[in-house]
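Student: Structure for this input, please:
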Amino acid sequence: MKKMDFKLMVTAIGLSSMVACSNQSANTASKTQDATTENNQVDIKNNKAMTYSKKYTNADFYKDGKFQQDVAMEAMKDMFAFYGVPFTELMAKDMWVTDFGLGDFENVGMGGIFWVNDPEYGYFAHAIYLLPGQMIPEHAHVKTKFPAKHESWMVEKGWVYNFSEVGDETPNAPAIPATHGPIKSKNFVVQKVGDVLRLKELGTFHFMMAGPEGAIVDEWACYHDNDGLRFTNTKAAL
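Tutor: This next block holds a predicted model:
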């Protein structure tokens, strides 16, 4: 073989090897990208399928029969973290939790913060925080030296059963906790994220109960006067 031909052959073999390696690298990169995309799609599907669920019970919320507010706050913060709601300095200072004195925070209770409650200008902004399955005791707002409170609600996260005593009884209602007792509000709708509802009639009884994912609800109203608050269960107190 001539010297020149030998050099050409070596060069050709080298080029072929480079092309083969390049193709192999491209195929490997393509497969890796496909796998990453597939994994991302699985993650997206999983994230869509993920829902918040109950993590605390009354065994956590009570010690020697005393309501542990710090544990209740941690339960709320756990829900905030799931829903991507920042726990701000203002919330740390002004947010509250209550079992309404009924000793069953797992089922009857709430967290909340009054962003604004202005008697001079007569307006109110409130965030309602409900753990999975938790209900606010049935109540009404009556006139005092202030007008009877009128209110509207919008669900931000999760969903709620929104109950009212106005309207026909709705079938297939969720069970009311025994610690709460009988209710007057037998009409309800399932209120989902973005839905806005308003109190049907001034002075009428109503309440909310969170679905199994818990709920975060915005409320807007005229001034909230605690003296005008009336609970169906007379043992309940805010």
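
Student: going forward, measure contacts between C-alpha atoms and count neighbours the same way
Tutor: OK.

Student: What ranges does the protein have for its strands?
Tutor: Taking DSSP state E as the test, the strands found in the chain are 62-63, 66-67, 96-98, 110-118, 123-130, 139-141, 151-164, 187-191, 196-198, 206-221, 229-231.

Student: Which one, of those, ends up nearest to Leu90?
Tutor: With respect to Leu90, and counting by Cα to Cα, the nearest of these is strand 110-118 at 9.1 Å.

Student: which residues touch Asp118?
Tutor: Phe124, Tyr223 (Cα atoms under 8 Å, 6 or more residues apart in numbering).

Student: For it, name its beta-bridge partners.
Tutor: Beta-bridge pairing of Asp118 under DSSP bridges involves Tyr123.

Student: Pop the domain breakdown of the protein in here.
Tutor: Following automatic domain parsing, one gets these domains for the chain: 1-50, 58-231.

Student: Go through those and pick out the most buried.
Tutor: Greatest average neighbour count among the domains of the chain goes to domain 58-231 (a mean of 18), per mean count of other Cα atoms under 10 Å.

Student: and the end-to-end length of it?
Tutor: Taking Cα to Cα, to the nearest Å, domain 58-231 runs 22 Å from one end to the other.

Student: Please work out the average pLDDT along it.
Tutor: For domain 58-231, mean pLDDT is 98.

Student: How far does that domain sit from its chain's centre?
Tutor: How far domain 58-231 lies from its chain's middle: 12 Å, per Cα atoms, centre = their mean, to the nearest Å.

Student: Kindly report the same for stretch 51-67.
Tutor: Relative to its chain's centre, stretch 51-67 lies at 17 Å (Cα atoms, centre = their mean).

Student: how about the residue lying closest to Glu151 once chain neighbours are set aside, what does it touch?
Tutor: Excluding the flanking residues, the one nearest Glu151 by Cα to Cα, 6 or more residues apart in numbering is Ala221, at 4.1 Å. By Cα under 8 Å, 6+ apart, the contact list for Ala221 reads Tyr123, Phe124, Ala125, Lys149, His150, Glu151, Ser152.

Student: what's the answer for Glu106, then?
Tutor: For Glu106, the contacting residues are Tyr56, Thr57, Asn58, Phe61, Leu131, Gly133, Gln134, by Cα under 8 Å, 6+ apart.

Student: Would you check that the last one makes contact with Gly109?
Tutor: Yes: here Gln134 lies in contact with Gly109, judged by Cα atoms under 8 Å, at a distance of 6.2 Å.
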